[in-house]
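Asks: Okay, predicted coordinates and the sequence, questions at the end:
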Amino acid sequence: MKLSRLLTPLGLSCPDADPDLTGLTCDSRQVEPGMLFAALPGIHAQGTQFIPEAVRRGAAAVLTSGPAVPGVPTVSVPNPRDTLALLAGEFYGHPDRELAVIAVTGTKGKTTTAHMLRDILTAAGHKTGMMGTLGAFVGRERLEEMGNTTPEPVTLHRLLRRMAGGGCTHVVMEVSSQAMKLGRAAGMAFAAGVFLNLSPDHIGPGEHADFEEYRACKAALFRQCALAAGNADDPSWPCIKEQIPPGVPVFTFGFGGQAALRCAAIAPDPNRPLSTLVSVAGTPQPYQIPMPGRFNGANALAAIALSRAMGVEDGAIREGLAQVSVPGRTQVYPTDNGVAVLIDYAHNGESFRALLSALRPHVAGRILLVFGAGGDRPPMRRRDMGRAAAEGADWAVLTEDNPRGEPVEDICDQIGSELHGKIPYQIIPDRRRAIRWALTQAQPGDLVALLGKGHEEYIETGGVRRPFSERAVLDEYFREYPRGG
């Protein structure tokens with residue numbers, strides 16, 4: 001594609017030379033002959049540093065905020081990040097205009113809500129793609145992993161084009177505040193967007209300067225949405241709502257009376273272990289989700305609200321929610337021996353407390369935890385995990401979880417110092433053995449919760465990641481002991 005073909009729709013003039021472009025990239029290591037290299041400003045390094053390498057590799061043009069590069073057609077603009085996103089849209093033929101792209105944003109719950117929406121739309125008969133923390137998918141088939149919750153614009157539009165070409169009609173995307181700040185979604189047209197919540201997070205060097213900037217980046221997404229749904233209970237919703245253009249339909253959900261879609265109750269399902277019933281005011285039958293906890297019920301409420309706003313029939317909403325499963329996020333492992341098993345990504349004291357509080361109403365017996373803590377991280381984090389475990393669990397097995405450069409035993413001892421004299425605990429450094437030992441101790445009515453790894457399928461030790469799958473360990477164990485150990 002000619003460089004001028006990309007620049008003209010953006011009102012940018014073409015350099016004297018007008019090369020044929022074979023692709024776009026902002027990573028000099030990925031440059032191949034004929035590509036445009038975008039020299040983007042960075043946190044730790046500036047893209048302009050890598051222009052010589054890109055040219056050596058055969059870059060046919062350079063996008064930069066700096067001066068012209070001798071001997072190479074140069075497009076100089078004030079904001080190369082936004083410009084790259086717009087160029088990527090042009091290069092891939094604006095797939096976002098062919099698809100109904102749905103944005104999910106919020107501090108917590110993006111991944112779970114995105115999976116819920118994906119499954120609802122699939123149940124409604126739409127071939128649906130999804131992008132987010134766990135990767136890029138068509139239906140439940142993973143296309144590829146992604147380094148960011150919301151990928152860089154070239155990857156983003158390439159994946160959207162692939163999904164459109166593969167027959168998708170809808171795509172659900174997790175959109176982070178960092179993505180909005182860095183212009184990754186600049187120029188995109190979203191069919192709908194949903195705001196979940198906002199709490200102080202991602203504030204500091206390399207992220208957001210303060211909470212106001214964080215909130216403003218979240219709010220900016222809704223200037224690009226043709227339909228919006230928001231959590232009316234969240235204090236930041238009025239600020240978010242201000243950014244929605246006039247004439248765009250707005251729907252609200254929540255627990256308070258000001259919400260158009262009001263949750264009447266969230267409670268454990270008495271007929272299904274680790275499942276939740278979400279009752280909506282004015283709706284005779286509750287919605288069932290095979291996941292425990294009020295926070296999952298709140299995510300389901302958001303998915304119900306946006307689905308209704310998009311005109312999805314109630315039967316499809318119920319069917320999609322009833323079969324949702326999010327890898328590593330309160331993921332229930334099916335058993336038939338009366339012992340419940342759960343995999344979750346919780347890896348700090350706050351997430352431990354929230355999860356254990358949510359699990360307790362679902363468990364008749366004991367809660368047995370298998371967890372560790374990351375090495376080369378603040379010791380206070382692991383001690384807080386120990387305190388949370390002592391408050392909310394009945395037994396703990398301490399083990400490895402990305403020990404990195406620290407001895408596993410030292411990490412476990414620090415966690416154990418907060419458990420000593422409060423609940424029984426065992427230290428088993430090998431995570432596979434720890435999981436199997438916990439399963440042998442469990443009795444009908446108990447819950448074994450594997451915390452910290454979640455969707456990750458590796459353990460990092462000494463700078464090396466070795467493959468490790470908790471799901472595979474469970475599969476192996478229950479093949480050997482179909483009715484438990």
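Replies: Now that the structure is in, tell me what you want to look at.
Asks: Please enumerate the strands of the stretch 351-485 of the chain.
Replies: In order along the chain, the stretch 351-485 of the chain carries the following strands (DSSP state E, counting those that start in this stretch): 367-371, 395-398, 425-427, 447-451, 458-461, 464-467.
Asks: Tell me which of those strands lies nearest to residue 38.
Replies: strand 464-467 (29.6 Å; CB to CB). For glycine as for every other residue, the C-beta is placed from the backbone atoms N, C-alpha and C.
Asks: just to revisit the earlier point, ok, which of the strands of the stretch 351-485 of the chain comes nearest residue 297?
Replies: Using CB to CB as the criterion, the shortest distance between residue 297 and the strands of the stretch 351-485 of the chain is 18.4 Å, found for strand 447-451.
Asks: Tell me how many other residues crowd residue 138.
Replies: Applying other CB atoms under 10 Å, we find 19 residues neighbouring residue 138.
Asks: So what pairs up with it in the strands?
Replies: With DSSP bridges as the criterion, the beta-bridge partners of residue 138 are residue 129, residue 141.
Asks: residues near the nearest residue to residue 484 once chain neighbours are set aside, how many?
Replies: The shortest distance from residue 484 to any non-neighbouring residue, by CB to CB, 6 or more residues apart in numbering, is to residue 337 (4.0 Å). As a burial measure, the neighbour count of residue 337 was computed by other CB under 10 Å and equals 16.
Asks: List the residues that contact residue 337.
Replies: Residue 337 sits next to 444, 482-484 when contact means CB atoms under 8 Å, 6 or more residues apart in numbering.
Asks: what's the pLDDT at it?
Replies: Residue 337 is assigned a pLDDT of 89 by the prediction.
Asks: That one and residue 433, how far apart?
Replies: Per CB to CB, to the nearest Å, residue 337 is found 20 Å from residue 433.
Asks: How about residue 104?
Replies: In terms of CB to CB, residue 104 sits 38 Å off from residue 433.
Asks: Please identify which of the two sits among more neighbours.
Replies: Ranked by neighbour count (other CB under 10 Å), residue 104 and residue 433 place residue 104 first, with 30 against 13.
Asks: Provide the strand pairings for the helix or strand encompassing the more buried one, with the direction of each partner.
Replies: Assigned by DSSP states H and E, residue 104 belongs to strand 100-105. Strands flanking strand 100-105 in the sheet, each with its direction: strand 170-174 (parallel), strand 192-195 (parallel) (DSSP bridges).
Asks: Columns mean pLDDT and distance to residue 304 on top of these, output as a markdown table?
Replies: Listed next are those as a markdown table, based on pLDDT from 0 to 100; distance: least, CB to CB, whole Å:
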| stretch | mean pLDDT | distance to residue 304 |
| --- | --- | --- |
| strand 170-174 | 98 | 15 |
| strand 192-195 | 98 | 11 |
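Asks: between these, which gets nearest to residue 427?
Replies: Nearest of the strands paired with strand 100-105 (CB to CB): strand 170-174, 36.3 Å.
Asks: which residues touch that closest one?
Replies: Residues outside strand 170-174 that contact it (CB under 8 Å, 6+ apart): 99-105, 110-111, 114, 117-118, 121, 126-133, 149-150, 160, 163, 191.
Asks: buried subset of the residues you listed?
Replies: Taking 16 or more other CB atoms under 10 Å as the criterion, what is buried in the contacts of strand 170-174 is 99-105, 110-111, 114, 117-118, 121, 126, 128-133, 149-150, 160, 163, 191.
Asks: Point me to the residue sitting closest to the centre of this structure.
Replies: When CA atoms, centre = their mean is applied to the chain, the residue found nearest the centroid is residue 133 (3.3 Å).
Asks: Quick one: residues contacting it.
Replies: By CB under 8 Å, 6+ apart, residue 133 lies in contact with 110-111, 149, 174, 455.
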